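A.B. asks: fold the following.
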Amino acid sequence: MYKKGATLTLSIEKLAFGGLGVARDNDFVWFVERGIPGQTVEAKITAVKRSYGKAYVTSVLSPSPFQVKPRCPVFGICGGCQLQHLQYTKQAEEKTRQIVELIERIGKFNTAGVRPCIPCENIYGYRNKMEFSFSPRPWLYEANQDKPENFALGLHVPRRYDKVLDLDDCPLMTESANSIFRSIKNKILITDIPCYDVVTHQGFWRNLVIRQGINTGQTMINLITSDQHVEQRSETIAAIAQNVLKNHPDITTFIHSVNSNVADVATGTIAQLFKGSGKIQEQIHDRLFEISPGAFFQTNTLQTEVLFNTIRDMAGLTGSETVYDLYCGTGAIGICLANQARKVLGIEIIKDAVENGRINLELNKLDNMHFVLADMKDVMTDIHSFVTQYGMPDLVILDPPRGGTHPKSVKGLLNLMPPKIVYVSCNPAILARDIEILCKEHYTIKAIQPVDMFPHTKHIEVVTLFEKK
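C.D. replies: Below is the predicted model of the structure:
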């Protein structure tokens, strides 16, 4: 009945996990890009599967009562946000419902304990880090036809690795970060030095990374280039850095890094330091954290405090417990809980993260936390020898990356059988899978708390408390 390229009139009922609108036509399910609950839309079909189809909104025939005007002028073109046109209270409500559906459908678990999503107080200007790409292949559309034809600094448009949407600012950044962004962009634009092309691998300017310590007021600028003619261009880079630092004296450190690899990642080897140490600090509650250019740190500082409060409350530590912090990264959760536990053990596979974590222990003068550099699945495969060396945990904190836990890690948890597990997930579908495994025989869920770390996006964090039966 349905053909790719055809159009349909659809009424959007709700949001699916991933931010797509859900509609039905003759009991056939459609996932509609940019559709929000309450809209009636005309949508163009992009794919037809056996049990569902995909489409995107071409026009809104009847607006939603929850529809609002996006603050960003390029919303719908830029892929950074998916939900700026949806009232924020409705965003949080939909994210709660998505968690309920995932856990019931995949986890096969009663979701009566799911609490309402904790919303974010600041729904704009909340990001402490943004990575921008340079490109000689700007994404042109009707409203920006007067932009340069061979220069863009911004974000990749959805599903196009080679095209970058040129930006003048981003409402998810602070005003100070946007001002710095414009200063650097304007200076580079007049150099006539070409941007790096991810297709031909020729060109110079590659990435601009802006990081801020929201609670410390510190700012890091990392300007990343290729290695092509870098020595001849060092004076130009220095002149740009000096001008920007003059106009923005609040910048803590300004770095020029070189990425000589073809991989399109916003990292590189530090070539020049124009100011500072190449690092900044951020504060979560009463803890300080050193952030190097490549270090992972939660992107929403103020909501991270809310997230960590949730973890602390669920952990219910009394000061006598041994805590395993699995997939600990730089150890931020464990460090924030260390003064409430007898001993904290952080386990992480990334060497740089462990080294950063050990620096953070010294920074906070903690002597009851220890890091182990190890692959989680290997630890959990040989969990008995690990426990013999480090002791049995009273609490396990599980905070896996977006890819989720390895199946061996979950089976290892069942061999370890700690009295309590606090599972922090940025991938609720994997959490739902692990709920089915953990709760099949040995654990019960005491609380499920969604936390919105990224307003206007499809992402959602969930903290779940498991207790041994």
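A.B. asks: ranges for the strands of the stretch 151-300 of the chain?
C.D. replies: With strands called from DSSP state E, counting those that start in this stretch, the stretch 151-300 of the chain shows them at 152-156, 164-166, 205-213, 218-225, 253-258, 269-275, 280-284, 287-291.
A.B. asks: will you turn these into CSV that also has mean pLDDT, mean neighbour count and distance to I335?
C.D. replies: Backbone N, C-alpha and C define where each C-beta goes, glycine included. Formatted as CSV, those follow (pLDDT from 0 to 100; neighbours: other Cβ atoms under 10 Å; distance: least, Cβ to Cβ, whole Å):
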stretch, mean pLDDT, mean neighbour count, distance to I335
strand 152-156, 96, 23, 32
strand 164-166, 94, 23, 37
strand 205-213, 98, 23, 16
strand 218-225, 98, 24, 18
strand 253-258, 98, 21, 22
strand 269-275, 96, 15, 26
strand 280-284, 96, 20, 8
strand 287-291, 95, 20, 5
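A.B. asks: those into JSON lines, with extra columns for distance to G53?
C.D. replies: Listed next are the strands of the stretch 151-300 of the chain as JSON lines, based on distance: least, Cβ to Cβ, whole Å:
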{"stretch": "strand 152-156", "distance to G53": "26"}
{"stretch": "strand 164-166", "distance to G53": "27"}
{"stretch": "strand 205-213", "distance to G53": "37"}
{"stretch": "strand 218-225", "distance to G53": "41"}
{"stretch": "strand 253-258", "distance to G53": "44"}
{"stretch": "strand 269-275", "distance to G53": "47"}
{"stretch": "strand 280-284", "distance to G53": "44"}
{"stretch": "strand 287-291", "distance to G53": "44"}
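A.B. asks: which one of the ones you listed lies closest to Q39?
C.D. replies: strand 164-166 (24.4 Å; Cβ to Cβ).
A.B. asks: list of residues touching the closest one?
C.D. replies: 74, 77-78, 133-135, 137-139, 144, 147-148, 151-157 (Cβ atoms under 8 Å, 6 or more residues apart in numbering).
A.B. asks: mind pulling up the pLDDT for G217?
C.D. replies: pLDDT recorded at G217 is 97.
A.B. asks: can you count the residues close to it?
C.D. replies: By other Cβ atoms under 10 Å, 12 other residues sit near G217.
A.B. asks: not counting its neighbours along the chain, what's nearest it?
C.D. replies: D250 (7.2 Å; Cβ to Cβ, 6 or more residues apart in numbering).
A.B. asks: tell me the phi and psi of that neighbour?
C.D. replies: phi -80, psi -10 (degrees, to the nearest 10).
A.B. asks: tally of neighbours for it?
C.D. replies: Neighbours of D250 using other Cβ under 10 Å come to 11.
A.B. asks: for it, list the residues it contacts.
C.D. replies: S176, G217, T219.
A.B. asks: how close does it sit to Q218?
C.D. replies: As defined by Cβ to Cβ, to the nearest Å, D250 lies at a distance of 9 Å from Q218.
A.B. asks: ok, N186 next?
C.D. replies: From N186 over to Q218 (counting by Cβ to Cβ), the distance is 24 Å.
A.B. asks: E42 is nearest to which of the strands of the stretch 151-300 of the chain?
C.D. replies: strand 164-166 (24.6 Å).
A.B. asks: any idea how far that closest one is from the middle of the chain?
C.D. replies: 20 Å (Cα atoms, centre = their mean, to the nearest Å).
A.B. asks: same check, this time on stretch 197-210
C.D. replies: The answer for stretch 197-210 is 22 Å, by Cα atoms, centre = their mean.
A.B. asks: so for it, first residue to last residue, what's the gap.
C.D. replies: 21 Å (Cα to Cα, to the nearest Å).
A.B. asks: the helix or strand hosting T58 - contacts with which helices or strands?
C.D. replies: Per DSSP states H and E, T58 falls inside strand 52-62. In terms of contacts (3 or more Cβ pairs under 8 Å, 6 or more residues apart in numbering; DSSP states H and E), strand 52-62 is packed against strand 7-11, strand 28-33, strand 40-48.
A.B. asks: and the ones you listed: which comes nearest P428?
C.D. replies: Of the helices and strands packed on strand 52-62, nearest to P428 by Cβ to Cβ is strand 28-33, at 17.0 Å.
A.B. asks: that closest one pairs with which strands, parallel or anti?
C.D. replies: strand 21-25 (antiparallel), strand 52-62 (parallel) (DSSP bridges).
A.B. asks: ok, and which of those has the densest surroundings?
C.D. replies: Comparing the strands paired with strand 28-33 by mean neighbour count (mean count of other Cβ atoms under 10 Å), strand 21-25 ranks first with a mean of 20.
A.B. asks: average pLDDT across that one?
C.D. replies: On average, strand 21-25 scores 96.
A.B. asks: any residues touching that strand, and which ones?
C.D. replies: Contacts of strand 21-25 (Cβ under 8 Å, 6+ apart): 8, 10-16, 29-37, 39, 41, 43, 57.
A.B. asks: and the buried ones among these, selectable in ChimeraX?
C.D. replies: The following ChimeraX line selects those of the contacts of strand 21-25 that are buried, judged by 16 or more other Cβ atoms under 10 Å:
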select :8,10,11,12,13,14,15,16,30,31,32,33,34,35,36,37,39,41,43,57
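A.B. asks: thinking again about what came up before, out of the helices and strands packed on strand 52-62, which is closest to G294?
C.D. replies: Nearest of the helices and strands packed on strand 52-62 (Cβ to Cβ): strand 28-33, 32.8 Å.
A.B. asks: so which residues of the chain form helices?
C.D. replies: Along the chain, the segments classed as helices by DSSP state H run 88-105, 175-189, 234-247, 301-315, 332-337, 351-363, 376-381, 383-390, 407-416, 428-438.
A.B. asks: redo these as CSV? Include mean neighbour count and distance to I118.
C.D. replies: Supplementary listing: the helices of the chain in CSV, determined by neighbours: other Cβ atoms under 10 Å; distance: least, Cβ to Cβ, whole Å:
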stretch, mean neighbour count, distance to I118
helix 88-105, 20, 8
helix 175-189, 18, 25
helix 234-247, 15, 37
helix 301-315, 19, 6
helix 332-337, 25, 17
helix 351-363, 18, 26
helix 376-381, 18, 28
helix 383-390, 13, 33
helix 407-416, 18, 26
helix 428-438, 21, 15
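A.B. asks: can I get these in TSV with distance to K469 and mean pLDDT?
C.D. replies: Output for those, formatted as TSV (distance: least, Cβ to Cβ, whole Å; pLDDT from 0 to 100):
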stretch	distance to K469	mean pLDDT
helix 88-105	18	94
helix 175-189	48	97
helix 234-247	59	97
helix 301-315	17	97
helix 332-337	25	96
helix 351-363	33	93
helix 376-381	21	82
helix 383-390	20	86
helix 407-416	12	83
helix 428-438	11	90
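A.B. asks: A447: which of these is closest?
C.D. replies: Judging the helices of the chain by Cβ to Cβ, what sits closest to A447 is helix 301-315, at 6.0 Å.
A.B. asks: and that closest one with strand 280-284, angle?
C.D. replies: Here helix 301-315 runs at an angle of 40 degrees relative to strand 280-284 (axes from the mean of the first three to the mean of the last three Cα atoms, to 10 degrees).
A.B. asks: what sits up against helix 301-315?
C.D. replies: By Cβ under 8 Å, 6+ apart, the list of residues contacting helix 301-315 from outside reads 118, 120-122, 126, 128, 213-215, 282, 284-285, 298, 323, 332-333, 336-337, 340, 395, 397, 420, 422, 424, 446-447, 449, 451-453, 461, 463, 465.
A.B. asks: brilliant, that's me finished.
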